[in-house]
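Novice: I would like to see how this sequence folds:
(2 chains)
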Amino acid sequence: MLPNNDELIAQAKTEEAPLLPLLHKLHERDGYLSEHALRAVSKGLRIPIADLFGTITFYHHFAREEGGFEAPRVCTGPICSLRGAHDLVAGLEGATGMPCSGRCDEPIPVIRGGQTLVGMSVDALAVRETPAPPAKQGDYEECVFAHIRDADRKTLDGYRLTGGYAALERAVTSMTPEALIGLIDESGLAGRGGAGFPTGRKWRAVAEADGGPKTVVCNADEGEPGCFKDRALMDHDPHAVLEGMALACFATGAPRAFLYLRYEYPETEHLLSEAIAEAEAAGILGDDVFGTGTEIRIYMRRGAGAYICGEETSLLNSLEGEHPFPRNRPPYPVTHGYEGTPTAVNNVETLSSVPPIIVHGAEWYRNLGLGSHAGTKVISLSGDVARPGNYEVPIGLPLSTLIEEWAGGIPNGRTLKAVTMAGLSGGFLAGDDLDVTLDEPSIRSKGSFLGAGGVMVFDDSRDMIEISHMAMEFFAEESCGKCFPCRIGTQRLTERLAGKSGPEDLEAWLDEVNDLNTTMKETSACGLGQAAPLITESLLKYFPDAVQTHVAGD
Amino acid sequence: MSEPTGRTIVLDGDEVAFERGETLFQVAERHRKEIPTLCYDDRLEAFGGCRLCVVELEGARNPVASCTTKAEPGMRVTTKSGKLEMHRRVLLEMVVSENREVVVDELSGYASQEMKTLVDRYDAQTGRFAGKQSGVSHPDDPNPFILRDYDNCISCYRCVRVCAEQEGDYAISIMNRGFDTQITTEFGGLLKDSSCTFCGQCVQTCPTGALGDMKALRFAEVEKPVEKTRSICPYCGVGCAVDIMTKGDQVVGIQPAMDGPANEGALCVKGQFAFDFVHHPDRLKTPFVRDDHGQLVPASWDEALDKAASGLLEAVNEHGRHSLYAVASGRAPNEAGYTLQKLVRAGLGTSYIDNCSRA
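Specialist: Below you'll find the predicted structure:
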């Protein structure tokens, strides 16, 4: 028999961060979130009903109508749209679109209930394991992908075959947290979610902060369109992520960690939950890590469809069951994070990098990069390339090497027109600026940034106005609505790129768009609103003729 | 320009002191910098949504919101520059573009002219950034007090925040996200079916008149200037300060006094909206006494007081001094309350005296 509201609520009240898991259970049990169930949650968890209702509506995937949970959602992200996702939406009964769901190296993904199907047409949808990274290219050593293609890597035994959890064992039995932090500092590891904050410095700030218990959060809300690297890491090397989280816990003194996973990766939730259970059963996680008495508990929490929840303070609000607006900073999460406790929020790739660094040493990791750059970065490459997929590159590798040599270049005899950087957030690079190397100083010098490492490739047949419009539409849909420049600016830029409104005179059009760009960039409260105008800015920079034609209505 | 020492910042070139915990906005306010805001209400936690209050902070990549940035020793802050004024004008033009153009009557609410005042001050051009409009009006919410005309809403969420932070009612919240954001009650229902107490705080903090005082707006057409008279709410014993709005001899509305020592801008449904008794035809203007047939007839004060005194004495003489119990009205001022207890204790000889605000 299915558990009733009271049973589920009673259980939730004993758990950490209970709201999202409880809502997911109700959503799956009933096929939607009914008013009756929400009123029970409001009463049981003492959340004002208006707040709870408002918060539910913030998320893309919580259905408020019967049967909504099972209704198909088709990825209508930029790459899937170019491959005909809208025909799939039209052809599938009851289907709606959803923002990029992180499978850009595959046929179009469709989420139905708790399952992901992929396919290019209604008749060809099939369940398929997410692709592993393509075979290693070039003569450079890998860090997080070094063993990811090994057989049985997903299981605890498979992971331990090549020294998995040896780093954690060594840390908890023979290292001090200070020594561990020092090692990470020396390695030059920095946030691979895109912000690039030095990981050692973040951990030290949490370790030294007053108050507790300390908390570690693994940010697995990989919402950036064109980014699917964390999915590959979690699906093919789940224990590496968990080991990295446990090491972060040891370094910061946190007895608990949350893995905040985006809604669009339903299979990953099961896979990681199993991995956690396996590791706990083996005494690797839990209340007695490797027999040392150290407590490290990892909790899975799943989002419900909101790009902004990848922003760390928004994520923390979501985890706490609050309305997921970003918080004002300072104070930063390192002192005031989850429920006000000192919290280290780290990206999946960052955490996966930690165990190999401990095994091979700081010097080894630092030397993986080219020139003065430390370490590696996973690039999610998609769009008009022969072999899309995740590539772990030494930081500083020329973009052209990745596209032409590693990924087989532009197919169908076409030529390269433009790429996006940081998924969509870095805007476009085109023309001479395509000669960048894959590192922040090089890319930032062109007014863009590497960020989370999503690179979408567009050949010379692509309409850059259409792509810009899709990109801005995404930002408008995902803008949280807290700050004015982003909430209104993303909407106005979308309308102008759609050709629906705005001045007909080119000069007036440019005047409006430039003002929107500047004010959004400089006054928006978080990265979403600051980055969105890079799309229009780079469009104007590289494709002024296309803009002129667009405004003229031709 | 002097170098900062101790707990000071340099504000537009002048070294000024600040208190621990003060925000840049608060320091600047004290120095009359007149930084524009739309989402700010000093009774509420700073939100950082409208971004109009951005200032330049030396060393920061972008301007920072002064309302959420705490002052720290040695900060160098510029509150006014060509760049900041450009951002403020563009932000205002953006926010104006999301709504239809209307004239908002000052009777709508205490803060209802904030938006218009800023648009005028910055000479923001209406008509720029034209496009879809964001608000969805609720003209069908049938209640006599609160107009919900979200066609004017700019999503500053002051209403939602005052309801939660000041009133603790949590009757309204934020639905959807981005440009689709709406102010909602639970499940989008009517205010009367929510936990709303109709205190009107949301109306008074709304900077655009999206929420309006429907009782006051009945008099919008009366072509006389609005005068405000400071007074104390005549209902309970809290003593909330109010500004009584009049047009000629007509009381047209009540606004809470933001500097009222007892209420700091708060009011309840009675103090806010229940003022129709003032001009009501049934309102008593002279004393009444019962005639021989038990009918109430108008009387002079002397007649009425004689009648009351004799009735009270009769009761004391017949049933003893403790047969009487006096309850002072919460609507009576302190002095009247004092006089009543004096009458009861010294005159009638009993200590059976209380106040209805406590009873």
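Novice: tally of neighbours for B:Val252?
Specialist: By other Cβ atoms under 10 Å in any protein chain shown, 22 other residues sit near B:Val252. From N, CA and C alone the C-beta is placed, and that goes for glycine too.
Novice: should've said A:Arg201
Specialist: A:Arg201 has 13 neighbours, counted by other Cβ under 10 Å.
Novice: all helices for the stretch 51-200 of chain B, in order.
Specialist: For the stretch 51-200 of chain B, helices defined by DSSP state H, counting those that start in this stretch occupy the ranges B:82-97, B:114-121, B:158-161.
Novice: ignore what I typed, I meant the stretch 101-250 of chain A.
Specialist: Counting by DSSP H, counting those that start in this stretch, the helices of the stretch 101-250 of chain A are A:156-161, A:166-174, A:177-187, A:199-208, A:229-236, A:238-252.
Novice: between the helices of the stretch 51-200 of chain B, which gets nearest to chain A?
Specialist: With Cβ to the nearest Cβ as the measure, helix B:82-97 is the member of the helices of the stretch 51-200 of chain B nearest chain A (4.4 Å).
Novice: A:Glu142 and A:Glu392 touch, don't they?
Specialist: Yes - assessed by Cβ atoms under 8 Å, A:Glu142 is found in contact with A:Glu392 at 4.7 Å.
Novice: between these two, which is the more surrounded one?
Specialist: Set side by side, A:Glu142 and A:Glu392 show more neighbours around A:Glu392, with 24 against 21, by other Cβ under 10 Å.
Novice: SS state for the more buried one?
Specialist: strand (DSSP: H, G, I helix; E, B strand; the rest coil).
Novice: overlap in contacts, A:Glu142 and A:Glu392.
Specialist: Counting by Cβ atoms under 8 Å, 6 or more residues apart in numbering or on different chains, the residues touching both A:Glu142 and A:Glu392 are A:Thr376.
Novice: for the stretch 101-250 of chain B, give me the ranges with low pLDDT.
Specialist: Under the criterion pLDDT under 70, no range of the stretch 101-250 of chain B is flagged.
Novice: who touches A:Lys136 in this structure?
Specialist: So A:Lys136 contacts A:Glu142, A:Phe145 (Cβ under 8 Å, 6+ apart).
Novice: chain B versus A:Gly451, what's the distance?
Specialist: Look at A:Gly451 and chain B: by Cβ to the nearest Cβ, to the nearest Å, they are 16 Å apart.
Novice: now do the closest residue to that residue other than its chain neighbours, the pLDDT please.
Specialist: Distances taken as Cβ to Cβ, 6 or more residues apart in numbering or on different chains place A:Ala422 nearest to A:Gly451, at 2.6 Å, with adjacent residues excluded. Looking at A:Ala422, its pLDDT is 97.
Novice: do the same with A:Asp554
Specialist: For A:Asp554, the pLDDT comes out at 68.
Novice: B:Glu29: which element?
Specialist: Assessed by DSSP states H and E, B:Glu29 sits inside helix B:24-30.
Novice: against which helices or strands is that helix packed?
Specialist: strand B:8-11, strand B:54-57 (3 or more Cβ pairs under 8 Å, 6 or more residues apart in numbering or on different chains; DSSP states H and E).
Novice: contacts for it?
Specialist: Helix B:24-30 has contacts (Cβ under 8 Å, 6+ apart) with B:9, B:11, B:16, B:18, B:35, B:37, B:40, B:46, B:53, B:55, B:57, B:64, B:66-67, B:69-71, B:75, B:77, B:79.
Novice: for chain A, which of the helices and strands packed on helix B:24-30 is the nearest?
Specialist: That would be strand B:54-57 among those, by Cβ to the nearest Cβ, at 5.3 Å.
Novice: sheet-wise, list the partners of the closest one with their directions.
Specialist: Strand B:54-57 pairs in its sheet with strand B:64-65 (antiparallel), strand B:76-78 (antiparallel), by DSSP bridges.
Novice: no more questions from me, cheers.
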